[in-house]
Structures are given as structure tokens and as C-alpha cells.
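J.: sequence and predicted structure, then a few things I'm wondering about:
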Amino acid sequence: MTQIKSLNDSPTLELDKLITSDKLLLTINIKYFKKCTDYTELIKYIMGYMVQYKAYGDTNKVENFVNLKIDFDGFKQHNIDTEFLKMLFPFLEENYPNTIKHILCVNVPTLIKMLIKIL
């Protein structure tokens, strides 16, 4: 199990529970995300999947083929690191373009639904 320490040396990020993959479905389980002092291992973990997807796309000459499912079950607002997310999404878009086909959000709290409508 891949883990990294979170802030205050409290619970660790369980990367294999936070991010799972089933062929062309990448799932992010928000309840396993915690604010951390260093996201290096998480970024490496995500990049591992993205490199595999890029190779698949190049080999099969396909674009926009990965479905991303974000499961908000167990969401806690204080665990979300908005600065990290602001950095992560542009990084993925720049380095792995034409990969994501659909983004499906499930178990979305009302607060997040309102924010999505505003954006």
C-alpha cells in the first residue's frame, strides 16, 4: 500500500484507495484525500496512470478515451487543498491532453453542486 504523511503527522494518504483504475475508468475517492505538506508521491502515482493512458492512446490512435469518476462520498471540506488542485489540473491538461472523455461526479454534496453552478 502506497502512503504519504498528511499534515500534523495524522492519518496517511492511502493512494491505492484514493485513486483506482479499472481499464479506462479512473476513480478518485475523495474521502481518502487529506491535506498534506508534500504531494510528490501523489503526483507520481497519478502520473503513473496517466503515462499508461497516454501509451494506450498513442498505440491505439485514440483521443478522449478515459472516463474520470470523482466520488464525493465522505467529502470533508477541510481536507480539500484548493491550491494543490489549482496546480494539478492545469498540469494534467498540459502534459496529458486529449485523454479525458467524461468526468462523472457522484455523491456530490449540495455545497459542491452550488459551486459548480457558479463556475
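T.: Sure thing, it's come through.

J.: for N67, what are its contacts?
T.: N67 sits next to L24, L25, L26, I100, K101, H102, I103, L104 when contact means C-beta atoms under 8 Å, 6 or more residues apart in numbering. In this view, the C-beta of every residue, glycine as well, is placed from N, C-alpha and C.

J.: in a strand, that's where the last one is, yeah?
T.: So the one you mean is L104. Yes: judged by DSSP: H, G, I helix; E, B strand; the rest coil, L104 forms part of a strand.

J.: not counting sequence-adjacent ones, nearest residue to it?
T.: Setting aside the residues directly before and after it, L104 is nearest to K69 in space (C-beta to C-beta, 6 or more residues apart in numbering), at 4.7 Å.

J.: in its sheet, what does the helix or strand hosting that neighbour sit against?
T.: Here K69, judged by DSSP states H and E, is contained in strand 66-71. Next to strand 66-71 in the sheet, as set by DSSP bridges, lie strand 25-29 (parallel), strand 100-106 (parallel).

J.: on that earlier part again, hmm, T27 and the residue nearest to L104 touching each other?
T.: Yes: using C-beta atoms under 8 Å, K69 makes contact with T27 at a distance of 4.5 Å.

J.: show me what whichever helix in the chain runs longest is packed up against.
T.: When the chain is parsed with DSSP state H, its longest helix is helix 40-60. Where contact means 3 or more C-beta pairs under 8 Å, 6 or more residues apart in numbering; DSSP states H and E, helix 40-60 is packed against strand 3-5, helix 15-18, strand 19-22, helix 82-95.

J.: which residues does the residue nearest the centre of the chain contact?
T.: In the chain, the residue lying closest to the centroid (C-alpha atoms, centre = their mean) is I28, at 4.9 Å. By C-beta under 8 Å, 6+ apart, I28 lies in contact with L18, I19, L68, K69, I70, D71.

J.: perfect, I'm done here.
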